[in-house]
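below is the sequence, then the predicted model.
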Protein chains: 2
Amino acid sequence: MTETEFGYECSPWELRWRGLDVDALQRTESAFALSNGHLGLRGTLEEAEPRGLPGTYLNGFYEQHELPYAEGGYGYPEEGQTVVNVTDGKILRLLVEDEPLDMRYGTALEHDRVLDFRSGTLRRTTEWASPTGRRVRVKTERLVSFTQRAIAAIRYEVEPLDEDLQLVVQSDLLANEPIESDTRDPRVAAALDTPLVAQFNRAADYQAVLVHQTRNSGLRMAAAMDHKIEVDDGIRTRVHSEDDLARLTVAVDVPKGGRLRITKFLAYGWSAQRSVPALRAQVEAALAGARQTGWKGLINEQRQYLDDFWATSDIEIDGDPELQQAVRFALFHLLQAGARGETRAIAGKGLTGPGYDGHAFWDTETFVLPVLTYTTPDAARDALGWRHSTMDKAKERAKQLGLRGAAFPWRSINGAECSAYWPAGTAAFHVSADIADAVLRYVNATEDEEFERGCGAELLVGTARLWASLGHHDRHGHFRIDGVTGPDEYSAVADNNVYTNLMARRNLLAAAQVCEKYPDVVQQFEVDIAELDSWRAAADAMFLPYNQELGVHPQSEGFLEHDEWDYKGTDPSFYPLLLNYPYFDLYRKQVVKQADLVLALHLCGDSFSPEEKARDFAYYEARTVRDSSLSAGTQSVIAAEVGHLDLAYDYLAEAALTDLHDVHNNVRNGLHMASLAGAWQGTVAGFGGLRDHGGQLSFAPRLPRQLGGITFRLAFRGTRFQVAIRPGEATYTILSGDPLELVHHGERFTVGADPVTLPIADVDPGEPPVQPYGRAPQRRDASRLRSFVAPEA
Amino acid sequence: MTETEFGYECSPWELRWRGLDVDALQRTESAFALSNGHLGLRGTLEEAEPRGLPGTYLNGFYEQHELPYAEGGYGYPEEGQTVVNVTDGKILRLLVEDEPLDMRYGTALEHDRVLDFRSGTLRRTTEWASPTGRRVRVKTERLVSFTQRAIAAIRYEVEPLDEDLQLVVQSDLLANEPIESDTRDPRVAAALDTPLVAQFNRAADYQAVLVHQTRNSGLRMAAAMDHKIEVDDGIRTRVHSEDDLARLTVAVDVPKGGRLRITKFLAYGWSAQRSVPALRAQVEAALAGARQTGWKGLINEQRQYLDDFWATSDIEIDGDPELQQAVRFALFHLLQAGARGETRAIAGKGLTGPGYDGHAFWDTETFVLPVLTYTTPDAARDALGWRHSTMDKAKERAKQLGLRGAAFPWRSINGAECSAYWPAGTAAFHVSADIADAVLRYVNATEDEEFERGCGAELLVGTARLWASLGHHDRHGHFRIDGVTGPDEYSAVADNNVYTNLMARRNLLAAAQVCEKYPDVVQQFEVDIAELDSWRAAADAMFLPYNQELGVHPQSEGFLEHDEWDYKGTDPSFYPLLLNYPYFDLYRKQVVKQADLVLALHLCGDSFSPEEKARDFAYYEARTVRDSSLSAGTQSVIAAEVGHLDLAYDYLAEAALTDLHDVHNNVRNGLHMASLAGAWQGTVAGFGGLRDHGGQLSFAPRLPRQLGGITFRLAFRGTRFQVAIRPGEATYTILSGDPLELVHHGERFTVGADPVTLPIADVDPGEPPVQPYGRAPQRRDASRLRSFVAPEA
């Protein structure tokens, strides 16, 4: 049994952890979480204990609670939202001759769990000897179905290994599971302590259903289970239900060599409007469908869905097995977060944990949606559909803030602002431009005219109106956007954030263009010529501060005059700085939490010359501490673009391994979707050089010396194609669909039926930039490149 | 009975309100509050009801409570402090033949209350007919002694008017009086609902004492009462005590023409350390002293104390009786706030109400202490002594914020920061320079070398160290202070606030000077030559932004580039703006809540040319909305300096009448000490032109055309003198003490035994500046200048 230093075994298509490490349970539960974007199950053990942090989540299902303020202010949101741990249907408890299977007692002779990226299932094998020496083997496999979004299923098998044994299995639906909350605020804790009010329960035969409603937000949910039991001998079963529990108890004597197999089918549903009978009917119907499909059928559908996904989306990395695994892990979880969200948000943690209260942020549009746009465009469309469905709340918020158009929230589950920190919750307007940018990208990548004309146009017009009312022309004619918070959270409420201004400019022009293209849009949203002109005038006059003396762009006006942070005098244990320094001090110094100007170099690269990019990147490298998981991916992209390939490689590895290495020590609360997306960004936009400025797909492939090759696959306007980077060259191959016009290192070319191979010139970028003292990324050297461990037979 | 439109009668030496207006009780209780800076009693009626907001306060006595944060941050204070309504000893309830005297029932045939600025007492006369027609006259007079700081006393007289009557008087000490709290936060409300835990009670003869301790802050207080009863006939009395109540009950039959007179002596004390017996002994001793002095004695001491005060401090205004009254009301309340504070803070509301939780702010040093410095310098010294006593907490706070030296709190009772709003609580550093400035002013005005060498030097060195560590020299050598919040609360966390930078410069130079003057200071605080040099270098290189194009100073860097506020589009009911617009929007626009750059023009006037002052004043006049009571006084001062005398007069009236006219509709929570100080500032620094730059006292008297004269009195370095402004001239007269060298309109002169009369030249400042739409001060025209109402015989 070979274990890596981080516990996970290295393997190209799966993630395996051998042995039981109770202290690691919380983070492995996040990594082993299964989800389809609608329903998420954390990777807790079937027997429920030992456990880290149990979690079953329904996308969009939250409890509401008052936000407390010692000193309130106008526009502070009064209500917060927190994702609810709903009825837990994962539980199958086992009694072996009166002894409950609990791996903290007795002996775990063998134990491993494996998340399979191709089957889309979590498998477990445990060989356990009870304290009295009775040995059983438990094998389980579970899935959350990509094809039947309400459905999860668990196959549970127990074999006595040495003798005939009496086995009792209790299969539960358990609501209001007690969990520890780490919030200091008693009101939030109170809201989350038994948030579900029982409304209906019923059990009969092998089935049961529980219906609950949240206490404050008034959302209703139902969970139902059904079972198929396979065993040689006769069984005795009992089913019952009460307010917060439904249980099927199966008691059976299983002979040595025999086996008890239970297949548990779970269905979940929620609604803000549907009645108890309607919701009950909905989950029972879903369950009937799943029973009809059967376990094998679900397994087959799951694999087929994933085969299709990997055919479009896979990334192959030659020469770094750990990175290979991490990138596939990332893609798998991104798919899980977005596949079946269907007009619900993609939260910062997906459905893998309760971190950030289950809120969605700008991360989704800026980091996650590019991945989905070029791999699973329907999921990108659905996520933007969520934003569109919250237009009313965004318009209301803009009005409340004294602005026109739509102001999208900094953090939210239902579309209403939940940030109690006003420099984010009222000033980080870039989220609205990020949404517009995601609309543009999706429309360019799919030519989805129906979306463009409908949701897309409304999102573009609403956000353009926001910018037009937020900025002003100063006495010199410049269009300034003052007092906003950009991506970097170590600055706030500053004037003319370059990233924000560039993104706002794009937003304004895109809105003008969509209005020109569709006269009915103009009419529908009552855009007149004067308004169109004002958008173009604002875009044309957009103020972009630049410092001639230093030859770099300030992140925001005034930034370059600020004092430097004393990195050498900062104790390494004082990172992340926000836990050890006050906001005012972080905000007034040249210290950057996460890519901000450097993110502009990526997303608005067409607004900078190559020389500016090199200088800006070097300048901000020296001041970026990466206290955020949103940063490494972007730094990887720009390091690759300006030619610092070793550095790009280091950053790519950091982004890709953020969760598997638990870099930020908080994976217990869920995976970092944006960082997982950074693994794709670093590979495809970094070493692949993918850009889509103005809708033109272009590449600038480069291979770091440590790798033998990188191959990635994309979908663009119905065409699936592949880019294979090898030393000195890149090959473009259409996998299906029409020929494409692409750009390779600035040269336009067309790839059709035949692959096109083009050379890659060497680049000498000079000395690599330096990072703040102690904050350079870990050097990814040869000693860390492990071979794959042969997967278990 | 003549009443002004605001209910108060106009009279030169008193404030009278006739008739009962239950709705006005809350604000009259503030105006009629008695205090000596140690003990404060709001002006509630003796019979306790009807009442507005009862309040008995002991300076420095607070309850502690957790500050809640929906999203916390490093350096946010965890505990808040709130002034406690302590044991109420003002209560004397009356039963007239079984009918409780409650002015909401029966008939108030006559009722008036008068605060007498010369006797320092609150008198009341009520003629009341009970619902059954029994008529009594009640006369009361109360004082909080300036000479015996623990003592208050009430003389209470009842006369039957038509027939013999049985009277019962209950004289109470009542703890944990129920009051309505308007806080939304249940934790704060809980902390203030019965904050006092009973520890001791005893009653015997005519005396009683109660000792309590606060639940969380652990402060202990004692209140004791004794009585003298004068009546013709025999009385029956009963005294008893319980946890939260002590009561002397006096029952007596009083014949028509007879009178029951009770004199109630109250003593209060509190301590964080003294035991129950010690504290009990302390108040009983104070009571014995007061009994020994007797009512007449207390009354005489009080008048003598006030005679002395008015001899040094009075301001006479010829031609505007209402303003005359308001200015004396202001001086009286400023004295009450500061007279006997003795190393406790002077709170923003003094001891007149629970507003701002009873916290002290920078207002004290900047607005209140100049008045006390030139009228009651011992009180100014004591208030600075409070700051000095909190040095440890200020040093700790600086350290927590990553700074050196001492960072004084934005708001506090005990010296620890209580602001839950970080842009104030961590960034409004100017408070430390304001304290240093107050030290300088006091030392210059008194030549109090003992203070200078002790508290003064330590305060100057501690605050200089703060500035040295807070700012930095940029690549051009300028010393910048970035990311701080200046006086104007409609801007925050901006770079190089001109006011802050100028005050910091003064602070740095003053610290260097005191170190030069006293070698032992250098040694005591371990200041070396390098540090001294660094202070001087920072002061010399202090960055002061200036806009050549506009010819004005930005309030902070970038301010002049910001968008203008849409004043015309702002509904008048939307002021104060902070209740109707989000911070981010206020902060990024050219809208000013209160004098900031204009305050710099006043306090650092030696750093601006007359032309700059005129241009800056006009520029900021057009953008200052005066949503703060801290503004009008300063605007009056600069309007007078630049020659806009009508405008100065309007602002002076606004400042002086803020509380009497309830301009900000919140007098119920207490008087605005800074605004009361603004009445003095507008008169003495405005029309008198008093400045003390560099310790040189200078005047630039000017008389507005509406007045016949202004005379004010000051104390400076032991000399008491008077400045009388008349049309075309001013006369300087020494009242006692040595000759003084003064400056009159830029000309140095000496005044000795003989008064000196000097001419005042006319000034033509051109057109007066305009204010934001709808925000000009009320024009003080002739129709508002009422004659005095003849005081009641």
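Received it, and whenever you're ready, just let me know what you need.

how about the residue in the stretch 1-150 of chain A that chain B sits nearest to, phi and psi?
Closest to chain B within the stretch 1-150 of chain A is A:A70: 3.2 Å, counting by CB to the nearest CB. C-beta here means a position set from N, CA and C on the backbone, and glycine is covered the same way. The phi/psi pair for A:A70 (degrees, to the nearest 10) reads phi -70, psi -40.

one more: A:V138?
Dihedral angles for A:V138 - degrees, to the nearest 10 - are phi -110, psi 130.

neighbours of it, how many?
22 (other CB atoms under 10 Å in any protein chain shown).

spit out the contact partners of it.
If you count contacts by CB atoms under 8 Å, 6 or more residues apart in numbering or on different chains, A:V138 has them with A:E46, A:L94, A:L101, A:R124, A:T125, A:T126, A:E127, A:W128, A:Y156, A:E157, A:V158.

and what of A:V461?
So A:V461 contacts A:G405, A:A511, A:V514, A:C515, A:V521, A:F525, A:V527 (CB under 8 Å, 6+ apart).

again, 10 Å this time
Counting by CB atoms under 10 Å, 6 or more residues apart in numbering or on different chains, A:V461 makes contact with A:405-406, A:436, A:510-512, A:514-515, A:521-522, A:524-527, A:531, A:535.

max-length helix in chain A?
The residue-count maximum for a helix in chain A (DSSP state H) belongs to helix A:276-313.

which of the residues in that one are buried?
Using 16 or more other CB atoms under 10 Å in any protein chain shown as the test for burial, helix A:276-313 gives A:279-280, A:282-284, A:286-287, A:290-291, A:293, A:295, A:298-299, A:301-303, A:305-306, A:309-310, A:312-313.

buried ones in stretch A:709-727?
Buried, per 16+ other CB under 10 Å, within stretch A:709-727: A:710-716, A:720-726.

now, among the contacts of A:V461, which is nearest to A:D112?
When these are ranked by distance to A:D112 (CB to CB), A:A436 comes first, at 46.2 Å.

for that closest one, helix, strand, or coil?
helix (DSSP: H, G, I helix; E, B strand; the rest coil).

and the pLDDT at it?
For A:A436, the pLDDT comes out at 98.

who's in contact with it?
A:365, A:387, A:406, A:408, A:456, A:459-464, A:466-467, A:503-504, A:506-508, A:510-511.

ditto for A:R123
A:14, A:16, A:112-116, A:139-143, A:155.

neighbours of the residue of the stretch 551-700 of chain A found nearest chain B, just the number please.
The minimum distance from the stretch 551-700 of chain A to chain B, using CB to the nearest CB, falls at A:R588 (2.6 Å). A:R588 has 25 neighbours, counted by other CB under 10 Å.

show me the contacts for the closest residue to it other than its chain neighbours.
Using CB to CB, 6 or more residues apart in numbering or on different chains and skipping residues adjacent in sequence, the residue nearest A:R588 is B:G483, 2.6 Å away. Neighbouring residues of B:G483 by CB under 10 Å, 6+ apart: A:491-492, A:494, A:558, A:562-563, A:583-589, B:423, B:426-427, B:429, B:470, B:492-497, B:556.

can you flag which of these belong to helices?
A:Y583, A:F584, A:D585, A:L586, A:Y587, B:P423, B:L470.

out of those residues, which comes closest to A:L20?
Nearest member of these to A:L20, counting by CB to CB, is A:L586, at 41.0 Å.

helix, strand or coil: sort out A:W17 for me.
On the basis of three-state DSSP, A:W17 is classed as strand.

just checking, it touches A:V114?
Yes: at 7.8 Å, A:W17 counts as touching A:V114 under the criterion of CB atoms under 10 Å.

shared neighbours of the two, anything?
A:Y8, A:E9, A:F32.

which of these has the most neighbours?
Going by other CB under 10 Å, A:Y8 tops the shared contacts of A:W17 and A:V114 with 25 neighbours.

after the least confident helix or strand in chain A by mean pLDDT, which helix or strand is next?
Every helix and strand in chain A was compared by mean pLDDT, DSSP states H and E; the lowest is helix A:186-192, with a mean of 63. Where DSSP states H and E defines the elements, the next helix or strand beyond helix A:186-192 is strand A:196-204.

tilt between that next one and helix A:276-313?
90 degrees (axes from the mean of the first three to the mean of the last three CA atoms, to 10 degrees).

partners of strand A:196-204, with directions?
Strand pairing for strand A:196-204, using DSSP bridges, gives strand A:207-214 (antiparallel).

the strand it pairs with: how far from the chain's middle?
Here strand A:207-214 is found 28 Å from its chain centre; the criterion is CA atoms, centre = their mean, to the nearest Å.
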